[in-house]
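S.K.: Quick one: sequence and predicted model below, then my questions.
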Amino acid sequence: GQMSFFDMTSVNTEVAIEIPPMQEFELMELLYMEKEMAGMYLSGHPIDSYIDFAQVIIADSIKDILSGDYPQRYKDSSTVRLVCIVTKNKTQITKSNQMMAFVTVEDRYGSVELIVFPNVLSQCSSNLYAGSVVEIIGTLNFKEDEEPRIICEKVTALPDADSLKIYVAQKRGAEVVAKNNEQNEIKSVNNLNSDAKLFLRISNLECEKYKKVKNLLELFSGDTKVVFYLTDTNKKLLAPKTLWVKLNDTLFDELCYQIGAENVVIK
């Protein structure tokens, strides 16, 4: 009356398991599980949904900071702003018996280490857990033969990306209004009074921009005085009468194109 192991081969052991239909995990939850199981994100990156927010606050890219391609922008003690996710948090007791932290954060294209001193950590420690999406403001710290690090000054935990959509829309709307106002100011050039002067900012009278500007001014000769502001010497020079102009939208637009709108002022 006993059954041997080999007798079981004749017994139908197939069992039908019915799996109920289930919805896919939320994207952020799915990404965290992928990171835990595979050591990397497979379906995207948690920061992807924050790209619009990062753009409107003009966040810096970790890749740009580490690449060394922007030496004038990213140098020792420069202030940077990141939208990133915390991946590692290691605390340490200082000689004065206070807690500080070394936190690794990453965005879509790179990772960097933050140094969080006790005075800052006491205010933001609850925001620096692994998986937290944060906005970081800090200063770059460069040391020879070491990767750049960031001395953290402020940490802000970000809500889910959907909650930021209104802020992004308002910010972009304000930019559109500002741009329209700027265009309206440009269009009013022809209505300026006769005492208006045209101020042009260039480095010096030997630069290539001066040659381009000079050619333009000679094409639009008139009675409006032109003043050059030379950034190399911080001097203002009144142009000779041969370079005075008749103001119009065409001249203004072309000057803005040649030397940048921020370097062309009429007042």
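M.R.: Yes, it's here.
S.K.: From residue 128, how far off is residue 52?
M.R.: Going from residue 52 to residue 128 by Cβ to Cβ, to the nearest Å gives 24 Å. Where C-beta positions appear, they are placed from N, C-alpha and C, glycine not excepted.
S.K.: The two - which one has more neighbours?
M.R.: Neighbours were tallied for residue 52 and for residue 128 using other Cβ atoms under 10 Å; the higher tally belongs to residue 128 (23 against 16).
S.K.: so what's that one up against?
M.R.: By Cβ atoms under 8 Å, 6 or more residues apart in numbering, the contact set of residue 128 is 86, 89, 101, 103, 116, 121, 134, 155.
S.K.: Show me these that map onto helices.
M.R.: Cross-referencing these against helices under DSSP state H gives residue 121.
S.K.: which one of the contacts of residue 128 is nearest residue 163?
M.R.: residue 134 (14.5 Å; Cβ to Cβ).
S.K.: per-residue pLDDT, the closest one?
M.R.: Looking at residue 134, its pLDDT is 94.
S.K.: who touches it in this structure?
M.R.: Counting by Cβ under 8 Å, 6+ apart, residue 134 has contacts 83-86, 105, 127-128, 155-158.
S.K.: same question, residue 201
M.R.: By Cβ under 8 Å, 6+ apart, the neighbours of residue 201 are 228-229, 231, 259, 262-265.
S.K.: List the neighbouring strands of the helix or strand encompassing it plus their orientation.
M.R.: Per DSSP states H and E: residue 201 is located in strand 198-202. Strand pairing for strand 198-202, using DSSP bridges, gives strand 226-230 (parallel), strand 264-266 (antiparallel).
S.K.: which of the contacts of residue 201 lies closest to residue 144?
M.R.: Nearest to residue 144 among the contacts of residue 201 is residue 231, at 32.7 Å by Cβ to Cβ.
S.K.: Find the nearest non-adjacent residue to the closest one, please.
M.R.: residue 203 (5.2 Å; Cβ to Cβ, 6 or more residues apart in numbering).
S.K.: If the closest residue to residue 87 other than its chain neighbours is in a bridge, with which residues?
M.R.: Nearest residue to residue 87, sequence neighbours excluded (Cβ to Cβ, 6+ apart): residue 104, at 5.0 Å. For residue 104, the beta-bridge partners are residue 88, residue 113 (DSSP bridges).
S.K.: re the thing from before, determine which two of the contacts of residue 134 are furthest apart.
M.R.: Largest pairwise distance in the contacts of residue 134, by Cβ to Cβ, is 14.9 Å, between 83 and 128.
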